[in-house]
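>>> Quick one, structure for this:
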Amino acid sequence: MVAADYEKWPQPIDLCQEMPISGLQEMRKGALMELDKKRLGVRLKQYLDSNVEFADLDGGGLKLNGGRFDARQARKKILKAEKYNPDKISRYSLYPFDVRWAYHSNVRPLWNEPRPALAAQAWDGNTFFVVRMFAERPHENAPLTVSTVLPDYHLLRPNAVAIPFRVNYELNSDDGHHGKFIGRADAPSGIKANLSQACREYLQNLGMPDPDKALDSASAVWLNALAIGYAPFYLRENADGVRSDWPRIPLPGAKDALVNSAALGGELAQLLNTEVDVKSVTTGEIRSELSAIGNICAATGGAVNPAKDFTITAGWGHPGKDGVTMPGKGKLIERDYAPEERTLIARGAAKLDLDLEAAMVVLGDKTYDVYLNDRAYWKNIPALVWDYTIGGYQVMKKWLSYRENDMLGRAITLQEVDYVRDMARRIAAICLLQPRLDKNYAAVRSSTYCWPTPASKKVSIVDV
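Numbering: from 1, shown residues only. All right, here's what the predicted structure looks like:
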């Protein structure tokens, strides 16, 4: 069954000129990915050293047969074509808010699907719009995200595809591979906005600058889609349609409306991008409503001891079949907000033109203390921040499941402890954007763009 507004909206158009590309697939049981860059480099340098015998490799999944991957024969083939190159270690978005290091090469069969066309567009200053065709899980929440680094096939469930905001038609990879649309006879030259002709006409008719020359114009439709896709009002009103197909996003009918919606999407994109700090959220003077969220505390009072208290043993994850990490129950304690926590929320909410009641609606009227172990916990993680889901993943719980000591084999660092605090604050800031996101969606849907030609055809939405 399709939601009512999906029935009212006409057939969609495509936003992008170049079609979406599926995210990368490693399929080597994480051997090409690591939290520690140096450790990954040591592993791949050894693997790509022909003087090291196969039996002596510390290669993990690179030594295991699977599907069409014959580990011994694959290494022989790879060694003929690939030399270790530390420049091929890059940032990699495995799950929402979980960015790691990965050794990426287009030489098959090192990766199951290296996606040369996608990898070629992971250049500094570019952004990928990531979306999926349909929902796999009933509690999917936002069905899309953005990434400034290489995205995994399962960055969103079930199968994520990525669309670069811009395409560099001159850019080939280090090993001579290029994208499926680079080097073709009709390809343009230089860096171009990845926008369809219809979308270019839309921007021109609104009076927007040339998207090939202005980054804000090239990004506007994608950031509008991001803002709409994270609006709870949009997700509720179109739940059936979003769940069963690509999200269909209304286009604003006026320049100011597009600029405003894109600006809101830009705020959201910053909060989703853990590769950069966000002023007043993760750096500088922290907003009062966020300042009490996620601080590390000792269970018995006093100060935590980084040498003893940062090993995660609360049961957030455990090894499953074939090395799959299975989520666990963990340990968290639900409680009421302390008076000082409520005061800080009220003070910060007022600066956002929200009262305390409205803030509690989006943060949750309860909060959690989330434990690493019996000795330490992250204090005051609002209930709806803890439950927050992107693409079918409960973000914070998913992150913790992979850092349980049985999987990680070490305590987390102080930097990682602070990362959890900052992740909670980013998500809280996203939750507090929801009233504005809903208001923006309501404004856009009430005045969508109508195509001037043919006069009888009105197309007000796009398929992303």
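
>>> residues contacting Asp277?
Neighbour list for Asp277: Thr283 [criterion: C-beta atoms under 8 Å, 6 or more residues apart in numbering]. (C-beta placed from N, C-alpha, C; glycine too.)

>>> Now it: phi and psi?
phi -70, psi 160 (degrees, to the nearest 10).

>>> next one: Leu400
Backbone dihedrals for Leu400, given as degrees, to the nearest 10, come out at phi -70, psi -30.

>>> Test my guess that it contacts Gly315.
No: applying C-beta atoms under 8 Å, one finds Leu400 not in contact with Gly315, separated by 9.8 Å.

>>> where do the contact lists of those two overlap?
The overlap between the contact sets of Leu400 and Gly315 (C-beta under 8 Å, 6+ apart) consists of Gly330.

>>> Of the two, which one has the most company?
Leu400 (25 against 17; other C-beta atoms under 10 Å).

>>> any weak-confidence spans in this structure?
Under the criterion pLDDT under 70, the flagged ranges of the chain are 1-13, 172-187, 322-323, 452-464.

>>> What residue spans form the domains of it?
Structural domains assigned to the chain are 25-91+100-114, 288-434, following automatic domain parsing.

>>> Name the stretch among the ones you listed that sits most buried.
Between the domains of the chain, the one whose residues have the most neighbours on average, counting mean count of other C-beta atoms under 10 Å, is domain 288-434 (a mean of 18).

>>> Can you measure across that domain, start residue to end residue?
Across its full length, domain 288-434 reaches 18 Å end to end, with C-alpha to C-alpha, to the nearest Å as the criterion.

>>> same thing with stretch 364-372?
For stretch 364-372, the separation between the terminal residues is 22 Å (C-alpha to C-alpha).

>>> picking up where we left off before, same list, the domains of the chain, but as a markdown table with distance to Pro188 please.
Rendered in a markdown table, the data for the domains of the chain read as follows (distance: least, C-beta to C-beta, whole Å):
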| stretch | distance to Pro188 |
| --- | --- |
| domain 25-91+100-114 | 23 |
| domain 288-434 | 32 |
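
>>> out of those domains, nearest to Asn159?
Across the domains of the chain, the minimum distance to Asn159, taken as C-beta to C-beta, is reached by domain 25-91+100-114, at 9.6 Å.

>>> Helices of the stretch 101-250 of the chain, residue ranges please.
116-119, 197-206, 215-229, 232-237, 239-244 (DSSP state H, counting those that start in this stretch).

>>> and Leu433, what does it touch?
With contact taken as C-beta under 8 Å, 6+ apart, Leu433 is in contact with 230, 264, 267-268, 271.

>>> returning to that earlier point: and the helices of the stretch 101-250 of the chain, which is most packed in?
In terms of average neighbour count - mean count of other C-beta under 10 Å - the standout among the helices of the stretch 101-250 of the chain is helix 215-229, at a mean of 25.

>>> can you point me to the longest helix in the protein?
With residue count as the measure and DSSP state H as the assignment, the chain has helix 414-446 as its longest helix.

>>> quick one, helices of the stretch 251-400 of the chain?
Taking DSSP H, counting those that start in this stretch as the criterion, the stretch 251-400 of the chain carries its helices at 255-272, 288-291, 339-351, 356-363, 383-386, 395-401.

>>> Now do the contacts for the closest residue to Leu118 other than its chain neighbours.
Distance criterion C-beta to C-beta, 6 or more residues apart in numbering; nearest residue to Leu118, sequence neighbours excluded, is Ile21 at 4.4 Å. Taking C-beta under 8 Å, 6+ apart as the criterion, Ile21 is in contact with 115, 117-118, 161-163.

>>> So Ile21 versus Arg75, what's the distance?
Summarising the geometry, the distance separating Ile21 from Arg75, computed by C-beta to C-beta, to the nearest Å, is 27 Å.

>>> ok, now Val131?
Note on Val131: its distance to Arg75, by C-beta to C-beta, is 35 Å.

>>> swap in Asp256?
Using C-beta to C-beta, which is the criterion applied here, Asp256 is 58 Å from Arg75.

>>> Likewise for Leu171?
Distance from Leu171 to Arg75, by C-beta to C-beta: 29 Å.

>>> do Arg421 as well
Computed as C-beta to C-beta, the Arg421 to Arg75 distance reads 42 Å.

>>> Check Ala198 too.
As defined by C-beta to C-beta, Ala198 lies at a distance of 48 Å from Arg75.

>>> same thing with Asp124?
Distance from Asp124 to Arg75, counting by C-beta to C-beta: 32 Å.

>>> just Glu275 next, same as before
Counting by C-beta to C-beta, the gap from Glu275 to Arg75 is 32 Å.

>>> quick one: contacts for the residue nearest the centre of the chain?
Centroid check for the chain by C-alpha atoms, centre = their mean gives Pro96 as the closest residue, at 4.1 Å. With contacts defined as C-beta under 8 Å, 6+ apart, the neighbours of Pro96 are 145, 155-156, 272, 390-391, 393, 395, 398.

>>> can you check Thr283 too?
Residues Asp277 are the ones in contact with Thr283 under the rule C-beta under 8 Å, 6+ apart.

>>> Number of residues surrounding Lys439?
13.

>>> From Val52, how far off is it?
With the distance defined as C-beta to C-beta, Lys439 ends up 60 Å from Val52.

>>> now swap in Val221 and tell me
Computed as C-beta to C-beta, the Val221 to Val52 distance reads 50 Å.

>>> doesn't Val362 make contact with Pro435?
Yes: in this structure Pro435 lies within contact range of Val362 using C-beta under 8 Å: 7.0 Å.

>>> I'd guess Gln73 is in a strand, am I close?
No: according to DSSP: H, G, I helix; E, B strand; the rest coil, the state of Gln73 is helix, so it is not within a strand.

>>> Spell out, range by range, the strands that occur in the stretch 51-200 of the chain.
89-95, 98-103, 128-132, 144-147, 150-151, 160-164, 166-168, 191-193 (DSSP state E, counting those that start in this stretch).

>>> Spit out the contact partners of the closest residue in space to Gln121 that isn't next to it in sequence.
Spatial nearest neighbour of Gln121, excluding adjacent residues (C-beta to C-beta, 6+ apart): Pro164 at 4.1 Å. Taking C-beta under 8 Å, 6+ apart as the contact definition, Pro164 lies against 18, 118, 121, 126-129, 194.

>>> Buried subset of these, written for PyMOL?
What follows is the PyMOL syntax selecting those of the contacts of Pro164 that are buried according to 16 or more other C-beta atoms under 10 Å:
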select buried, resi 18+118+121+126+127+128+129+194
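
>>> what's the nearest residue to His154 once chain neighbours are set aside in contact with, if anything?
Spatial nearest neighbour of His154, excluding adjacent residues (C-beta to C-beta, 6+ apart): Ala160 at 6.6 Å. Contacts were defined as C-beta under 8 Å, 6+ apart; by that measure Ala160 touches 22-23, 130-132, 151-154, 391.

>>> Try it again at 6 Å.
For Ala160, the contacting residues are 23, 130, 132, 153, taking C-beta atoms under 6 Å, 6 or more residues apart in numbering as the criterion.

>>> Leu235: which of those is nearest?
The shortest distance between Leu235 and any of those, using C-beta to C-beta, involves Arg132 and amounts to 14.1 Å.
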